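Chemist: Sequence and computational prediction follow.
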Amino acid sequence: MNNPSVDVVVIGSGIIGAMAAHYLQQDGHSVMMIERGEVSRGASSGNAGILAFPEIIPIAAPGTIWKAPKWLLDPLGPLSLPPSYALAMVPWLWRFWRAGARAAFNRTVEVNAKMMPLARSEMLRVIGRTGLEKMVSRTGTLDLYDSEESLFAASTDWEAKRNAGFEFNRVGRSEIETLQPGLAPQFRHGIFTPDGLQVCDPYDFTKALVDHAISCGASLRIGEVTRIEPTASGARVALSDGAAFEAKTVVLAGGAWSKSVAASLGDYAPLETERGYNTTLPPGAFPLQRQLYFNDHGFVVTPLSSGIRVGGAVELGGLNLPPNYKRSEAMLKKAKAFLPALKTEGGRQWMGFRPSMPDCLPVISPSSATSAVIYAFGHGHLGLTQSAATGRLVADLAARRQPALPIEPFRIGRFR
């Protein structure tokens with residue numbers, strides 16, 4: 001048994017774990033982080049770098065489930081489900097369908113409309129405290145649609161965003177050409193969000209936050225956590241190599257690997273992985289001015305310090321199936337058609353595991369077994385965006401103070 005003199009063990013060094021460690025340190029706790037692989041190299045390293053605060057509309061929406069069969073017929077389309085994994089996905093898809101009912105959908109939009117302003121204000125606060133201002137830029141976001149009909153189909157979602165306090169403008173071809181020269185002429189309809197923020201590179205940003213925590217006294221241990229057990233004074237964390245650690249509080253922020261660890265405490269989380277793909281092209285591949293959402297095609301193109309990232313789409317394939325990089329190639333081919341001057345040579349392909357709950361809300365709550373264990377996982381596409389708000393809520397729960405937001409919608413027990 002190893003007994004480090006720390007108050008909190010944080011499982012995971014992705015953006016959620018890094019933010020949790022930061023907020024706990026702000027409260028005066030000593031922290032140990034445990035990472036199963038390379039620090040900050042999970043899903044947090046491969047996202048588009050977008051701080052998508054206006055994205056309050058969940059993927060589980062009325063009518064989405066009926067579009068799925070059409071998408072699934074295209075193996076390289078915006079949604080893919082390998083036949084070998086289809087049976088395993090049935091329980092998750094059933095809950096996803098239920099979450100898309102109108103009443104459940106409206107509740108999720110309402111929750112996100114409260115979560116996102118907190119996420120934005122807390123992110124700006126963290127950036128200021130840690131000196132990471134130079135790693136965040138205000139590029140603005142350009143959402144592009146293939147036709148006026150597809151833009152009109154999204155008008156209800158945009159109205160919900162406006163009602164939640166987010167500002168944007170509808171733009172036509174001339175404005176689109178000014179905002180981002182070089183787009184194919186088919187894009188004549190779009191929405192521009194001037195306040196769109198993004199980090200320079202998601203890996204660099206997450207790693208800088210981990211390094212800041214370490215510079216403030218946090219320790220880091222590499223190892224795979226297999227189980228958590230309640231103790232009289234807190235909780236015990238067991239690793240696959242036989243090591244074990246005790247602390248007053250344990251935070252489970254292990255992303256896609258959190259499900260089995262939560263199960264060791266008797267908690268069921270219908271967590272699945274949306275396998276995301278991207279290609280990062282070298283700097284200079286295209287004079288990209290800002291984030292581009294190709295909404296009718298399910299992918300984004302973003303400017304990073306490391307290059308131009310083309311990524312998105314969803315493959316429901318779990319943790320063990322081999323990557324299908326034809327999905328990256330298909331997105332890159334479309335990106336070339338939409339940005340004709342894009343240089344597609346020399347790109348780096350990536351596949352990662354987005355930890356996703358069927359109702360599109362994360363789990364941020366104490367374990368049902370003990371309040372000494374706090375869950376923080378399942379953020380899907382919004383881990384970077386919601387990370388600071390999650391860190392704030394985790395610290396509130398650890399301190400037994402009133403959380404900044406009601407946590408009922410995020411409780412682990414909502415799936416019983």
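Modeler: Looks like it arrived, so ask away.
Chemist: doesn't N112 fall inside a helix?
Modeler: Yes - residue assignment for N112, taken from DSSP: H, G, I helix; E, B strand; the rest coil, places it within a helix.
Chemist: Contact partners for it?
Modeler: For N112, the contacting residues are E55, I56, I57, P58, L361, taking Cβ atoms under 8 Å, 6 or more residues apart in numbering as the criterion. Heads up, the C-betas are built off the backbone N, CA and C, glycines and all.
Chemist: what's around the fourth one, how many residues?
Modeler: As a burial measure, the neighbour count of P58 was computed by other Cβ atoms under 10 Å and equals 23.
Chemist: What separation is there between it and L393?
Modeler: When Cβ to Cβ, to the nearest Å is applied, the distance between P58 and L393 equals 19 Å.
Chemist: Surely L132 and T206 touch.
Modeler: No - shown here, L132 and T206 do not form a contact pair, counting by Cβ atoms under 8 Å, at 10.6 Å.
Chemist: Any idea what R354 is bridged to?
Modeler: E274 (DSSP bridges).
Chemist: What residues does it make contact with?
Modeler: If you count contacts by Cβ under 8 Å, 6+ apart, R354 has them with A43, A256, T273, E274, R275, G276, G380, H381, G383.
Chemist: Which strand or helix spans the nearest residue to Q402 once chain neighbours are set aside?
Modeler: Counting by Cβ to Cβ, 6 or more residues apart in numbering, Q402 lies nearest to D396, which is 7.0 Å off, once chain neighbours are set aside. If you go by DSSP states H and E, D396 is part of helix 383-398.
Chemist: what ranges do the strands span in the stretch 151-300 of the chain?
Modeler: Chain-ordered strands for the stretch 151-300 of the chain, with DSSP state E, counting those that start in this stretch as the definition, fall at 169-171, 189-193, 197-199, 219-222, 225-230, 235-239, 244-247, 249-252, 272-281, 291-294, 299-304.
Chemist: Actually, the stretch 1-150 of the chain.
Modeler: Using DSSP E, counting those that start in this stretch, the strands assigned to the stretch 1-150 of the chain run over residues 8-11, 31-35, 50-51, 79-80, 136-138, 141-145.
Chemist: hey, least reliable of these by pLDDT?
Modeler: Ranked by mean pLDDT, the strands of the stretch 1-150 of the chain bottom out at strand 79-80, with a mean of 75.
Chemist: In terms of secondary structure, what does that strand contact?
Modeler: helix 64-72, strand 307-316 (3 or more Cβ pairs under 8 Å, 6 or more residues apart in numbering; DSSP states H and E).
Chemist: how about the helices in the stretch 1-150 of the chain?
Modeler: 15-26, 43-46, 64-72, 86-99, 102-130, 148-153 (DSSP state H, counting those that start in this stretch).
Chemist: can you list those in a markdown table and add distance to G347?
Modeler: What follows is those, written out as a markdown table (distance: least, Cβ to Cβ, whole Å):
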| stretch | distance to G347 |
| --- | --- |
| helix 15-26 | 24 |
| helix 43-46 | 13 |
| helix 64-72 | 25 |
| helix 86-99 | 30 |
| helix 102-130 | 29 |
| helix 148-153 | 28 |
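Chemist: which one of those helices lies closest to T231?
Modeler: helix 15-26 (18.9 Å; Cβ to Cβ).
Chemist: so which of the helices of the stretch 1-150 of the chain comes closest to G413?
Modeler: Among these, the nearest to G413 by Cβ to Cβ is helix 86-99 (14.2 Å).
Chemist: Any chance you could list what contacts the closest one?
Modeler: When contacts are defined by Cβ under 8 Å, 6+ apart, helix 86-99 is touched by residues 58, 60, 65, 81, 104-105, 108, 270, 272, 316, 318, 358-360, 415.
Chemist: nearest to E175, of those residues?
Modeler: Minimum distance to E175 across the contacts of helix 86-99 is 28.9 Å, recorded for P58 (Cβ to Cβ).
Chemist: May I have the phi/psi pair for that closest one?
Modeler: Torsion angles at P58 (phi, psi; degrees, to the nearest 10) stand at phi -70, psi 160.
Chemist: isn't it right up against M357?
Modeler: No - counting by Cβ under 8 Å, P58 stays clear of M357, with 10.1 Å between them.
Chemist: Determine which of the helices and strands packed on strand 79-80 shows the lowest mean per-residue pLDDT.
Modeler: Ranked by mean pLDDT, the helices and strands packed on strand 79-80 end with helix 64-72 at the bottom, a mean of 65.
Chemist: helices or strands next to the helix holding D396 in the packing?
Modeler: Applying 3+ Cβ pairs under 8 Å, 6+ apart, we find helix 383-398 packed against helix 15-26, helix 43-46, strand 50-51, helix 102-130, strand 249-252, strand 363-366, strand 373-377.
Chemist: So for the fifth one, mean pLDDT?
Modeler: By that I understand strand 249-252. Looking at strand 249-252 alone, the average pLDDT works out to 98.
Chemist: What is that strand packed up against?
Modeler: strand 8-11, helix 15-26, strand 235-239, helix 258-263, strand 373-377, helix 383-398.
Chemist: Partner strands of it, with direction?
Modeler: Strands that pair with strand 249-252, judged by DSSP bridges, come out as strand 8-11 (parallel), strand 373-377 (parallel).
Chemist: okay, these in CSV with distance to I176 and mean neighbour count next?
Modeler: CSV is the format used below for these (distance: least, Cβ to Cβ, whole Å; neighbours: other Cβ atoms under 10 Å):
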stretch, distance to I176, mean neighbour count
strand 8-11, 43, 28
strand 373-377, 38, 29
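Chemist: Nearest to G49, out of those strands?
Modeler: Ranking the strands paired with strand 249-252 by their distance to G49 (criterion: Cβ to Cβ) puts strand 373-377 first, at 20.6 Å.
Chemist: how far off strand 225-230 does that closest one point, in degrees?
Modeler: For the pair strand 373-377 and strand 225-230, the angle between their directions (axes from the mean of the first three to the mean of the last three Cα atoms, to 10 degrees) equals 140 degrees.
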